[in-house]
Every structure is written in structure tokens, then in C-alpha cells.
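>>> Okay, structure incoming, though there's no sequence with it:
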Ligand SMILES: N=c1c2ncn([C@@H]3O[C@H](COP(=O)(O)OP(=O)(O)OP(=O)(O)O)[C@@H](O)[C@H]3O)c2ncn1[C@@H]1O[C@H](COP(=O)(O)O)[C@@H](O)[C@H]1O
């Protein structure tokens with residue numbers, strides 16, 4: 001796992017013990033899963049919008065990076081709230097490596 005992802009995962013875990021007044025992450029935990037999911041949905045929408053704009057205006061590229069970072073960050077908060085470590089997602093991606101999406105779909109039970 002990249003260093004930054006690993007460090008962030010640890011920070012998100014530590015924030016479970018912090019006060020909501022002093023930490024944005026703790027304030028999200030305190031508001032609960034529904035609020036975190038609302039943020040994930042909001043950031044996903046903003047990412048899609050930025051990507052669509054970047055298709056016609058290459059100067060919007062930075063906005064895609066910024067919004068995707070917001071989306072990944074809030075997704076990591078969601079995982080932390082559910083006690084799922086990002087390593088589990090990376091392991092799943094590693095498991096799928098080399099497995100063609102077309103073949104995998106064709107092998108699914110009807
Ligand atoms: N990577 C991030 C990160 N990315 C985005 N954000 C915050 O996410 C929020 C999302 O922006 P919005 O404009 O949608 O938020 P908002 O309008 O305040 O939200 P609502 O009130 O509408 O829900 C902003 O407050 C950003 O500052 C982040 N906050 C924290 N981190 C990381 O998390 C660590 C712990 O943060 P704290 O818990 O705040 O110490 C930090 O050291 C960083 O490494």
C-alpha cells in the first residue's frame with residue numbers, strides 16, 4: 001500500500017478517539033454512517049461533474065484530481081467507520097489482477 005494511504009488509514013483510526021470539535025474526521029464519525037454516505041455520494045457526483053467538464057475543457061483537469069481526492073478520502077472514512085481496512089480493497093484488486101472483466105462476467109451464474 002502506498003505510504004500516504006497507509007498513513008491516512010492510521011490517522012483515520014486514531015481519530016476514533018479524538019474530539020469532534022477538533023477534528024473533521026471525528027465530527028463525521030459522530031454524525032454517523034448516513035452523514036458519511038451522504039458525503040461520499042456528494043463527492044462522487046462532484047467528481048463525475050468535473051470529469052464531464054474536463055472532457056470539453058482540458059483546464060478542468062486539476063478539478064478532477066481535487067474532486068477525486070475528496071471522493072477517495074470520504075470513501076476511506078466510510079471504510080474506517082465500518083472497520084474495513086483499505087488493505088482489504090487493495091487485496092481484492094490484487095485478486096482480480098489479470099482476470100478479464102469480460103471473462104469474469106461470462107463465468108457468472110445466470
Ligand atoms: N484528506 C483529508 C481531507 N480531504 C478533504 N477534507 C475535508 O473534507 C471536507 C469536505 O469539503 P466540503 O466542502 O464538502 O465540506 P463541508 O461543506 O464543510 O461539509 P458539510 O458541512 O456540507 O458536510 C472539507 O472540510 C475538507 O477540508 C479532508 N479532511 C481531512 N483529510 C485528512 O484527514 C486527516 C485528519 O483530519 P482531521 O480529522 O480534520 O484532523 C488530515 O490530516 C488529512 O490527512
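Arrived safely. Everything quoted here is computed from the prediction, not taken from an experiment.
>>> Regarding the protein, what is its longest helix?
Counting by DSSP state H, the longest helix found in the chain is helix 33-56.
>>> Return the distance of that helix from the chain's centre.
11 Å (CA atoms, centre = their mean, to the nearest Å).
>>> Residue 57 and residue 107: what is the separation?
41 Å (CB to CB, to the nearest Å). C-beta here means a position set from N, CA and C on the backbone, and glycine is covered the same way.
>>> cool, residue 90 as well?
From residue 90 to residue 107 the distance is 23 Å (CB to CB).
>>> So between the two, which is more surrounded?
Neighbour totals were compared for residue 90 and residue 107, and residue 90 leads with 13 against 9 (other CB atoms under 10 Å).
>>> distance of the more buried one from residue 69?
18 Å.
>>> where do the helices sit along the chain?
3-14, 24-31, 33-56, 61-81, 86-96, 101-106.
>>> ok, back up a step: can you list contacts of the longest helix of the chain?
28-29, 60-61, 63-64, 66-68, 70-71, 73-75, 77-78, 81-82 (CB atoms under 8 Å, 6 or more residues apart in numbering).
>>> So which bits of the protein are right by the ligand?
Proximity of the chain to the ligand (CB under 6 Å from any ligand atom) is limited to residues 8, 11, 15, 23, 24, 25, 26, 39, 70, 73.
>>> gap between the closest residue to the fourth one other than its chain neighbours and residue 40?
Leaving aside its chain neighbours, residue 23 sits nearest to residue 15 (5.2 Å; criterion: CB to CB, 6 or more residues apart in numbering). Distance check for residue 15 against residue 40: by CB to CB, it reads 17 Å.
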